[in-house]
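Undergrad: Sharing a sequence plus its predicted fold:
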Amino acid sequence: QVQLIESGGGLVQAGGSLRLSCTASGRTFSRRTVGWFRQAPGKEREFVAVISWNDGTTYYTDSVKGRFTISRDNAKNTVYLQMNSLKPEDTAVYYCDFALVMDGRWSAMGSWGQGTQVTVSS
């Protein structure tokens, strides 16, 4: 059974940067599309970014385009989320998960771990 483990979160000032990492134990995810999702206090979990397994095609939610970059290293079984120019509204728990399109939207498949907290102070 695969377990996804997120890391790299922390407290940063607005305008700062963080890099999140997502690793998989139990099996490789080199042939799986992987996404990052986040959940802010009092809000529903939302899609942030996704990267395909075959050609590395990426998609982002509009609010992070130009600031966040998702990438993957299949040899290390790791997916990254580089977050630059962070804003207070980026504050949330960030989760990685396998992803697929459902009803025209990127959706998580439910294999996420504990998540990693990102807090951006103003």
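TA: Yep, that arrived.

Undergrad: Now do the contacts for Arg27.
TA: Val2 (Cβ atoms under 8 Å, 6 or more residues apart in numbering). (Each C-beta comes from the backbone N, C-alpha and C, glycine too.)

Undergrad: change the start of the numbering to 482 and stick with it
TA: Got it, the first residue is 482 from now on, which makes the last one we talked about Arg508.

Undergrad: and Gly491, bridged to which residues?
TA: The partner list for Gly491 in beta bridges (DSSP bridges) reads Val599.

Undergrad: How about Met590, nearest residue that isn't a chain neighbour?
TA: Phe579 (4.4 Å; Cβ to Cβ, 6 or more residues apart in numbering).

Undergrad: what about the one you found, how many neighbours?
TA: 20 (other Cβ atoms under 10 Å).

Undergrad: Report the contact partners of it.
TA: Neighbours of Phe579 in contact, by Cβ under 8 Å, 6+ apart: Phe510, Arg513, Thr514, Val515, Gly516, Ala589, Met590, Ser592.
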